[in-house]
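S.K.: show me how the following folds:
(one chain, ligands or ions: 2)
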Amino acid sequence: MPKTILPPECYTQDKWLEFEHKHIFKKLWLLACLTQQLRNENDFATCDLAGVPIFLQNLEGKIKAFRNSCPHKGMPIQTELCGNRKALCPYHGWSFDCNGKVRGIPNAGLYQFSSEEKESLGLEEYPVAILGNFIFINFEKDPPHIEDQFNASLIRILKDASNHFSSEISYTTFECDYNWKLNFENVTDFNHIKFVHPKSFAPLIDFAKDGAYSETFKNTSKIFDEKFSTGEEIRQSSPRVSTKDISFWGRAPLPYKERWYSKFLDACDIGGHFACHIFPNVNFGSIHGENFFLQQFNPITPGRFLYRSWVFTSKTRDAKSLPHLLWGIHHAEKRVIDEDRVLLAKLQKSLSSGERVGYVGNHEHPLISIGKWYMEKYNDSLEIPH
Ligand code: FES
Ligand SMILES: [Fe+2]
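M.R.: Numbers count the residues shown, from 1 in each chain. Ligands and ions are numbered 1, 2, ... in the order given. So this is what the prediction gives:
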């Protein structure tokens, strides 16, 4: 039985989080938000990624991403989680164009900028890539193609699923008292569901006696074939794990039960429950293509992360607006998340006080590849002169 690869310190120590920010988060494409949040001119969304404050905004029809820090004195340009407002600093009113250049400086005479100085003033911009409705950013000046980070089947699912998204979302954030990686590992481990979520989540899934997924479940998915899989097989033969191999998807047998709101929705895949584990810190999936969940785990300290949670439905029939339904679904999902959250905070405490013991089950085999990839990056980082 394979053992956990990651050392216990990487869940508890600052130096490991510094490594993760510098050599993982600042190198990979990271989810920033959804296109539903930036539909109209001047719609914006803010977030912190890799410890960097970001705002994304629809400017002249383009989705742009900038460091949320004014070149004058560092004030955030957008101070709310999301909204609709011009790219204008709230402190002294400097305004910015769609390329982040300073457009206007009220009372400019006070600053005595030469025209060259004014020309050089601007926001730090980051590259953006969009897959379906998913907006990613990268901190590299010249980043690799996003297709080099994710395998083709994962990209297909993100794009295909996006075709079914309703335009309305429910979005919230909250903090959790444990390492972000514990959450990524937890959402890949279906064997905890019966024990941690016996009343909330477990009754939905068709488990066999030995804890595996039931083989007798009749698949009625339109998108996926019969086989329940934990995603593409990892290429074991390659000497180094490819970045494409550490983001993956899986399915679970989830018998379809019509719910009171099913009649309002155009479900895209009755019979299907899928989850995409998008390294480093995103979990996206759907229950029957009727409702979708998107979750991101952004580290703040080794023992704390910000949980970003989006919930939305498939397209509604007759374009109905269903805010109460979204609220209800999100509330139910938060109940499940809280069951994990309470327990994983206790696990974090035990990691801080002792050795980590760990075994990885067959159902979590991608974690072995992720562990190898992570340690390769760590060892590479030790060879780079600081
Ligand atoms: S800090 Fe932004 S205009 Fe002064
Ligand atoms: Fe859970």
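
S.K.: what residues are up against the residue nearest to residue 308 when sequence neighbours are not counted?
M.R.: Closest residue to residue 308 in three dimensions, ignoring its sequence neighbours and counting by C-beta to C-beta, 6 or more residues apart in numbering: residue 296, at 4.2 Å. For every residue, glycine as well, the C-beta is placed using N, CA and C. If you count contacts by C-beta atoms under 8 Å, 6 or more residues apart in numbering, residue 296 has them with 31, 281-283, 307-308.

S.K.: tell me the secondary structure at residue 296.
M.R.: Under DSSP: H, G, I helix; E, B strand; the rest coil, residue 296 falls in the strand class.

S.K.: repeat that for residue 75.
M.R.: The local conformation at residue 75, judged by three-state DSSP, is coil.

S.K.: so it touches residue 94, yeah?
M.R.: No. With contact defined as C-beta atoms under 8 Å, residue 75 does not reach residue 94; the gap is 9.1 Å.

S.K.: which of these two has more neighbours?
M.R.: Between residue 75 and residue 94, residue 94 has the larger neighbour count (other C-beta atoms under 10 Å), namely 24 against 14.

S.K.: state the distance from that one to ligand 1.
M.R.: 4 Å (C-beta to the nearest ligand atom, to the nearest Å).

S.K.: confidence score at that residue?
M.R.: Confidence per residue is given as pLDDT, and for residue 94 that number is 98.

S.K.: what's near enough to touch it?
M.R.: If a contact means C-beta under 8 Å, 6+ apart, then residue 94 has 70-72, 88, 102, 104-106 as its contacts.

S.K.: give me the subset of the residues you listed that also touch ligand 1.
M.R.: 70, 72 (C-beta under 6 Å from any ligand atom).

S.K.: what's the spacing between the residue nearest to residue 308 and ligand 1?
M.R.: Plainly put, residue 296 is 28 Å away from ligand 1 if you go by C-beta to the nearest ligand atom.

S.K.: now, which of the contacts of residue 94 sits nearest residue 190?
M.R.: When the contacts of residue 94 are ranked by distance to residue 190 (C-beta to C-beta), residue 70 comes first, at 45.7 Å.

S.K.: which helix or strand contains that closest one?
M.R.: In the assignment (DSSP states H and E), residue 70 maps to no helix and no strand.

S.K.: please name the nearest non-neighbouring residue to it.
M.R.: In this structure, residue 70 finds its nearest non-sequential neighbour in residue 89, 4.3 Å apart by C-beta to C-beta, 6+ apart.

S.K.: how near is the one you found to residue 296?
M.R.: With distances defined as C-beta to C-beta, to the nearest Å, the gap from residue 89 to residue 296 amounts to 27 Å.

S.K.: likewise residue 34?
M.R.: 11 Å.

S.K.: same check on residue 334?
M.R.: In terms of C-beta to C-beta, residue 334 sits 15 Å off from residue 296.

S.K.: now the residue in the stretch 101-250 of the chain that ligand 1 sits nearest to, nearest residue through space, not along the chain?
M.R.: Closest to ligand 1 within the stretch 101-250 of the chain is residue 105: 7.8 Å, counting by C-beta to the nearest ligand atom. Of all residues not flanking residue 105 in the chain, residue 94 sits nearest, at 5.4 Å (C-beta to C-beta, 6+ apart).

S.K.: also residue 320?
M.R.: What sits nearest to residue 320 in space, not counting adjacent residues and going by C-beta to C-beta, 6+ apart, is residue 264, at 6.0 Å.

S.K.: can you pull the contacts of that neighbour?
M.R.: The neighbours of residue 264, taking C-beta under 8 Å, 6+ apart as the test, are 316-317, 320, 322, 325.
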